[in-house]
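[1] structure for this input, please:
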Amino acid sequence: MTLSDVLVPTYLQMLGALSSWLGKADAQRPDGVAEALLAARLAPDMFPLSTQIRFACVQALEGVYRLRGEAFPPPVAVLLEEGRNGADRPGSIAEARARIAETVAAVEEAAADMPAVDPATPIAHALPQGMVFDLTAEQYARDWALPQFYFHVMAAYTILRAQGVELGKADYVAHMLAHLRPGTLPAP
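    Predicted structure coming up:
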């Protein structure tokens with residue numbers, strides 16, 4: 001199993017779930033009210049839902065391209081800028097779902113010819129504040145790429161739930177239903 005065998009399916013299934021949650025939010029709210037969700041936050045010092053969505057997309061793109069050893073594609077800078085300004089310009093549910101769809105397509109394209117990465121490959125992971133983490137590719141995937149991605153996805157899920165969107169555990173792990181043994185689903 002390669003690092004991309006772990007990251008890529010995780011990115012794709014959870015971005016799909018995130019888009020589905022936004023679809024449910026849109027369906028459960030009258031026109032215009034669903035859009036207000038994008039400005040919602042869990043705490044005053046946290047980013048709003050619109051930013052959590054964009055940063056989840058950034059994490060997926062960064063993870064794949066960093067393991068490819070390539071520069072980030074232009075959409076990463078666009079998503080970062082939109083995310084940083086998410087409180088002032090949260091956008092619409094349709095725009096958020098379009099960003100997710102664009103990210104899924106980019107991850108699928110990048111993964112189609114993903115080179116094998118030696119888990120011991122050194123990766124210098126620099127943050128905008130100037131901090132640099134020296135990691136192996138395995139450490140990067142395990143200790144940064146997946147946790148950061150899940151942080152933003154889970155923050156989005158939690159914001160939606162806190163705002164009254166009817167979501168449950170089955171929505172979070174919908175991808176697992178493909179593995180459900182027939183006849184084992186509990187009766188309602």
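
[2] helix, strand, or coil at the closest residue to residue 13 other than its chain neighbours?
    Of all residues not flanking residue 13 in the chain, residue 175 sits nearest, at 4.0 Å (Cβ to Cβ, 6 or more residues apart in numbering). In short, each C-beta sits where N, CA and C put it, glycine included. With DSSP: H, G, I helix; E, B strand; the rest coil as the basis, residue 175 sits in helix.

[3] can you count the residues close to residue 175?
    When counting by other Cβ atoms under 10 Å, one arrives at 14 neighbours for residue 175.

[4] so what's it up against?
    Residue 175 sits next to 13, 14, 16, 17 when contact means Cβ atoms under 8 Å, 6 or more residues apart in numbering.

[5] any idea how far residue 5 is from the residue nearest to the third one when sequence neighbours are not counted?
    Computed as Cβ to Cβ, 6+ apart, the closest residue to residue 16 that is not its neighbour in sequence is residue 104, at 7.0 Å. Residue 104 sits 17 Å away from residue 5 when distances are taken as Cβ to Cβ, to the nearest Å.

[6] neighbour count winner among those two?
    Looking at residue 104 and residue 5 with other Cβ under 10 Å, you find the greater number of neighbours at residue 104, namely 19 against 11.

[7] so which strand or helix has the more buried one?
    helix 93-112 (DSSP states H and E).

[8] any buried residues in that helix, and which?
    93, 95, 96, 97, 99, 100, 103, 104, 106, 107, 110, 111 (16 or more other Cβ atoms under 10 Å).

[9] swap in stretch 20-29?
    In terms of neighbour count (16+ other Cβ under 10 Å), stretch 20-29 has its buried residues at 21, 22, 24, 25, 26, 29.

[10] mind putting the buried residues of helix 93-112 into CSV with distance to residue 67?
    CSV is the format used below for these (distance: Cβ to Cβ, whole Å):
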residue, distance to residue 67
93, 31
95, 28
96, 26
97, 26
99, 22
100, 21
103, 16
104, 17
106, 14
107, 11
110, 9
111, 10
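
[11] can you count the residues close to residue 168?
    Residue 168: 8 neighbours (other Cβ under 10 Å).

[12] next one: the one 5 residues further on
    When neighbours are defined as other Cβ under 10 Å, residue 173 has 12 of them.

[13] for stretch 75-88, buried residues please.
    Those would be 75, 76, 79, 80, 82, 83, 86, for stretch 75-88 by 16+ other Cβ under 10 Å.

[14] helices and strands of the protein: which one bottoms out on pLDDT?
    Scoring the helices and strands of the chain by mean pLDDT, DSSP states H and E places helix 33-37 at the bottom, with a mean of 81.
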